[in-house]
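Enquirer: With the input below, show me the fold.
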Amino acid sequence: MESTRKKIRDRISTVRTSHQDVDDISIISSGDTLPFWFLQTMLPELKPLTADETTDVCVIGAGIAGLTTAYLLAKSGRQVVVLEDGDIGSGETGRTTAHLFTALDDRYMNLQSHWGKDATRLTAESHMKAVDLIESIVKTENIECEFSRVDGYLFIGGTTTQKELHEEYEAAQESGVPVQWVPSAPVFESGEAIRFPGQGQFQINQYLIGLTNACLKMGVKIFTQTHALDTNGGPQANVKTADGHFVHCKDIVVATNVPINDTVTMYLKLTPYRSYAMAFKVPKGSVPKCLWWDTADPYTYTRTNSYDSDSDVLIVGGQDHPVGRAHDFDQRYFQLEKWTRDRFPQAGEIVTRWSGQVVEPHDGMAFLGRNPGDDTNVYIITGDSGQGMTHCTIGARLIADLILGIPNPYVSLYDPSRTTKRAIRETIVEDLKVQAQYLDWLKPADVKDIEDIRAGCGATIRNGLSKVAVYKDEDGTVHACSAVCPHLGGIVNWNDSEKSWDCPVHGSRFNKYGVPINGPSNVGLKVLSTK
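Expert: Sure, this is the predicted structure:
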């Protein structure tokens, strides 16, 4: 792992961020921890945009959503430019656990209650077709990414009753999902469970490499280390980069986990969470290939992947919390480890651990399509919930169809402009929690003096009425920024696990030097003098 980290640091040591030349791993992945996929596969190095471009479609974001959109459009003859402010997969795609599944984490019985049976059946169908599309792309492009069809098992966790689990089983059946009621999930005694056949899994970095290569062969232009600063729709549509270059286009697709082209509208409909993951060595073949999910809130999710000639890894995730509103990172990893070892005695050495960002829509459906209040040629893919891989693939197909003028049965289902009673209720509840975060302006800072900050750590300090976000390098060099998030003025908190500044209001995140690594903020924290 350390040799991999050294390769990464060598790769980025000369990359210029928007502040200065810094050795910061967030250029490769949006946090200081290293997801398992990067231990196996480094993603391709491409070049930044250095001149204006004219194209049919400009896609912002080179994760699974952006690259799949580019791929589908290029297959249909469209010219496409992709802009990515880090490297390929450096956003949340690279921090996934890469489940491909139809056991929706908002639960079929809840979706039926809110949306009705017809809409829920469409939802299930869209996710099944997304897995089919991924499989088709893997086969068509000969992508070696360990894609496989596997069984998935949903079993009781937390306060869920057997009656509620059976209601979910019946709702899934009514939604057209071919489920089975079984006495237990494999490996451990889970109690009665729902078996979901025909789910999927893959190695996400290897899949992104295959998508990238397929796009490049079709003439898609992909520019990395290129920060999209501003978008303008309409007849003279363009995307402006931080370096002052323009991509002139007919359509714009914002595939950046959360939209960077919206200040308020979409963020009243979304809540961002951090979710944690760990990879444990297990003897080769000792744990079958399948997916496990319990029904706790937050729920725990599990899968396997190959590792080396003697070992596989067991990848376990969960322990979610709203971004910037928790600091007990080690405790959350401890609980994940305990959950794992209680059920999988073959779990051995911890290979790596990491966290990622999940965006929950208040009404249970992703937002895929035309951006509300914007010109009709600006599109967004967001609200991935716990199904980032399938939601992003659904969004890519849906938006490609809108651009190509092809009818798509899911347009109204995932319409970003929709408003529902459930969403209004959830928005009011979440807004009260959001407003409470502004009390951080009045609370004491983390420390009273810079001397109280340990090397390699960050903390807020007071400077009169203002708060300052201070990071101290391992060598003692101090970096200071305003602690005020540029999005809507929340006070950022230090995330000691990912070495980042996280905003508890709408989930913007910045690396230790204040450079944006997660929206909605598209600009960095204001850099302050340390003299």
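Enquirer: hey, what's residue 182 bridged with?
Expert: Residue 182 has the following beta-bridge partners by DSSP bridges: residue 193.
Enquirer: which stretches of this protein have low pLDDT?
Expert: Filtered on pLDDT under 70, the chain yields the residue ranges 1-24, 26, 263-264, 420-442, 531.
Enquirer: Next up, the contacts around the spatially most central residue of it.
Expert: Nearest residue to the geometric centre of the chain (C-alpha atoms, centre = their mean): residue 92, 3.4 Å. For residue 92, the contact set (C-beta atoms under 8 Å, 6 or more residues apart in numbering) comprises 30, 63, 257, 356, 357, 358, 388, 518. No exception for glycine: its C-beta is placed from N, CA and C like everyone else's.
Enquirer: Grab the nearest non-local neighbour of the third one.
Expert: Take residue 257 and drop its neighbours on the chain: the residue closest to it by C-beta to C-beta, 6 or more residues apart in numbering is residue 92, 4.7 Å away.
Enquirer: ok, now the fourth one?
Expert: Nearest-residue entry for residue 356: residue 95, 3.3 Å, with adjacent residues in sequence omitted and distances by C-beta to C-beta, 6+ apart.
Enquirer: Just to check, that neighbour is in contact with residue 32?
Expert: No - taking contacts as C-beta atoms under 8 Å, residue 95 lies outside contact range of residue 32: 11.6 Å.
Enquirer: circling back to that earlier point, make TSV out of the contacts of residue 92 and add neighbour count.
Expert: TSV is the format used below for those (neighbours: other C-beta atoms under 10 Å):
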residue	neighbour count
30	26
63	27
257	28
356	26
357	25
358	26
388	26
518	27
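Enquirer: In helices, which of the residues you listed fall?
Expert: residue 388 (DSSP state H).
Enquirer: now, among the contacts of residue 92, which is nearest to residue 329?
Expert: residue 356 (13.3 Å; C-beta to C-beta).
Enquirer: where's the closest one relative to residue 55, distance?
Expert: Distance of residue 356 to residue 55, given as C-beta to C-beta, to the nearest Å: 30 Å.
Enquirer: Likewise for residue 266?
Expert: Residue 266 is 25 Å from residue 55, by C-beta to C-beta.
Enquirer: More neighbours: which of these two?
Expert: Neighbours were counted for residue 266 and for residue 55 using other C-beta atoms under 10 Å; residue 266 has more, 24 against 19.
Enquirer: For my notes, confirm the more buried one occurs in a helix.
Expert: Yes - Residue 266: assigned to a helix according to DSSP: H, G, I helix; E, B strand; the rest coil.
Enquirer: pretty sure it contacts residue 373?
Expert: No - counting by C-beta under 8 Å, residue 266 sits too far from residue 373 to count as a contact (9.5 Å).
Enquirer: ok so, going back, among residue 95 and residue 32, which residue is more densely surrounded?
Expert: Comparing residue 95 with residue 32 by other C-beta under 10 Å, the one with more neighbours is residue 95, at 29 against 20.
Enquirer: and residue 207, what element?
Expert: Applying DSSP states H and E as the criterion places residue 207 in helix 204-217.
Enquirer: In contact with the closest residue to residue 485 other than its chain neighbours, which residues?
Expert: The shortest distance from residue 485 to any residue other than its chain neighbours is 4.0 Å, reached at residue 503 (C-beta to C-beta, 6+ apart). If a contact means C-beta under 8 Å, 6+ apart, then residue 503 has 323, 324, 485, 487, 490, 491, 492, 493, 509, 521 as its contacts.
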